[in-house]
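J.: got a predicted model here, sequence first, then my questions.
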Amino acid sequence: MQEMTRRIDISSKTVIFVTAFGILLWILFHILDIILLFFVAFILMSTLSPLVERLRKLGLPKILSVLLVFFLVMGGFIGLLTAGLTPLISQTSNLMQRLAETVNSLLQTNIIDHTVIQQEASRLSAQAVSFTVDLFKNLISWVSVLVVTIYMLLDREKMEDYVTSFFGKRQERVRKLLRKIEDKLGDWLRGQVVLSAAVGILVYLGLILLGVEFALPLAIIAALLEVVPVIGPIISAIPAILIGLTVSPLFAALIGGLYLAVQQIESHVIVPQFMKRAVGLNPLLIILAVSVGGRLLGIAGALLAVPISVVIQLIIQEGLNIRADGEI
């Protein structure tokens, strides 16, 4: 029986390509935080650029339009934060104390070892301290994001020309894709701000009408967690329901009903008006994207999962359109 041997030749080009691809992946992995920083800046640029363009149409110079929009947005944010900071700090401190007492009273049972509860409380306190330290460290990153956003707003056209110059005859098609991505991301963030504000206001008014303590921090928690799709609103209801349990199960049920009613208003009124056009993703895909993003990149991944998914969807759609048009 004749032995047959197969010889596999691997060209030097293949080796170079595989090596270069591996090095590229290694580099991307180590600069992922920088990539995310620029992506967040790109989202902010996409959100603010329509305002800048409106000011430019009024005859203002570009640099003045950018700085005016930037300072108006930052001034409004700082003003709201300053106005609500004192009652927020006071109510949040009392809220954390009340939640601790509530959880402790609910866990008064022989089944649970109190030493375990104390250990978990100590661990959570340590994590809270670590989170606070990380928050101050991330302030530098946020300053970098704002600076990069300003430069992107100033050099938006030049950036488009530079990026599209690599695509030859498809240059104009890529430019349209970039504009479409900008529009989608801008619509998403503007819609998300309106959505969070609306949910926060509705929750605040509802809690005030029910006579729930700590309405302000609970409403802010609801507004902030609205950024996290699907699971955020569910998590935001837990502290309020725990506070309701200190009064009576019926009161807790009323609070749960309030959050459910706000969620229904959000799903059937606010989201169709502000978010459907911007996102256009299947809810199951959103859950999958948030889960994968959270697993890979933590909180940042969960928050950016939807805009990243929108970008990927647009790129895939454009690729399918190119293929349908018979372009090679």
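T.: Right, received. Where do you want to start?
J.: so what's Leu207 up against?
T.: 215, 218-219, 240, 255, 258 (C-beta atoms under 8 Å, 6 or more residues apart in numbering). To be clear about C-beta, it is placed using only N, CA and C from the backbone, and glycine gets the same treatment.
J.: could you say which helix or strand holds it?
T.: Here Leu207 sits within helix 171-210, counting by DSSP states H and E.
J.: follow-up on the earlier one: and the two most separated of the contacts of Leu207?
T.: Ala219 and Ile255 (12.3 Å; C-beta to C-beta).
J.: low-confidence ranges, the stretch 151-300 of the chain, go.
T.: Along the stretch 151-300 of the chain, the model assigns pLDDT under 70 to residues 229-230, 270-284.
J.: residue boundaries of the helices in it?
T.: For the stretch 151-300 of the chain, applying DSSP state H, counting those that start in this stretch gives helices covering 156-164, 171-210, 215-225, 231-245, 249-265, 271-274, 283-324.
J.: most packed of those?
T.: Highest mean neighbour count of the helices of the stretch 151-300 of the chain: helix 215-225, a mean of 21 (counted as mean count of other C-beta atoms under 10 Å).
J.: now for that one, which elements pack on it?
T.: helix 62-106, helix 171-210, helix 231-245 (3 or more C-beta pairs under 8 Å, 6 or more residues apart in numbering; DSSP states H and E).
J.: residue contacts, Leu178?
T.: The neighbours of Leu178, taking C-beta under 8 Å, 6+ apart as the test, are 160, 163-164.
J.: please report how far it lies from Ala289.
T.: 22 Å (C-beta to C-beta, to the nearest Å).
J.: same check on Val147?
T.: To Ala289, Val147 is 29 Å away according to C-beta to C-beta.
J.: for Leu195, same thing?
T.: 17 Å.
J.: what helix or strand is Ile150 located in?
T.: helix 114-154.
J.: kindly reformat the helices of the stretch 151-300 of the chain as TSV containing distance to Ile27.
T.: Output for the helices of the stretch 151-300 of the chain, formatted as TSV (distance: least, C-beta to C-beta, whole Å):
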stretch	distance to Ile27
helix 156-164	19
helix 171-210	24
helix 215-225	34
helix 231-245	33
helix 249-265	43
helix 271-274	38
helix 283-324	17
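J.: for Asp134, give me the pLDDT.
T.: We have a pLDDT of 54 for Asp134.
J.: kindly report the same for the one 5 residues further on.
T.: As summarised for this prediction, Leu139 has a pLDDT of 66.
J.: closest to Phe77 among the contacts of Leu178?
T.: Using C-beta to C-beta, those come closest to Phe77 at Glu160, 28.1 Å.
J.: so the closest one is in contact with Arg175, correct?
T.: Yes - counting by C-beta atoms under 8 Å, Glu160 touches Arg175, with 5.9 Å between them.
J.: one step back: redo the contacts of Leu178 as CSV? Include distance to Leu207.
T.: Formatted as CSV, the entries for these read as follows, by distance: C-beta to C-beta, whole Å:
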residue, distance to Leu207
Glu160, 46
Val163, 47
Thr164, 50
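J.: ok, Ile238 to Pro61 distance?
T.: 50 Å.
J.: Ile316 now?
T.: For Ile316 relative to Pro61 (C-beta to C-beta), the value is 39 Å.
J.: Leu178 now?
T.: 24 Å.
J.: just Ser267 next, same as before
T.: 43 Å.
J.: state the number of residues packed around the closest residue in space to Leu68 that isn't next to it in sequence.
T.: Spatial nearest neighbour of Leu68, excluding adjacent residues (C-beta to C-beta, 6 or more residues apart in numbering): Leu55 at 6.3 Å. When neighbours are defined as other C-beta atoms under 10 Å, Leu55 has 17 of them.
J.: ok and the host helix or strand of Leu55 relative to helix 283-324, angle-wise?
T.: Leu55 belongs to helix 32-57 when assigned by DSSP H and E. Per axes from the mean of the first three to the mean of the last three C-alpha atoms, to 10 degrees, the angle that helix 32-57 makes with helix 283-324 is 70 degrees.
J.: which residue packs closest to Glu213, ignoring adjacent ones?
T.: Per C-beta to C-beta, 6+ apart, closest to Glu213 is Ile243, 6.5 Å.
J.: pretty sure the one you found is touching Leu210, no?
T.: No - using C-beta under 8 Å as the test, Ile243 is too far from Leu210 to be in contact (10.6 Å).
J.: overlap in contacts of these two?
T.: Ile255.
J.: save the contacts of Leu207 as CSV, and put in distance to Leu189 too.
T.: Output for those, formatted as CSV (distance: C-beta to C-beta, whole Å):
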residue, distance to Leu189
Ala215, 27
Leu218, 24
Ala219, 21
Ala240, 27
Ile255, 30
Leu258, 27
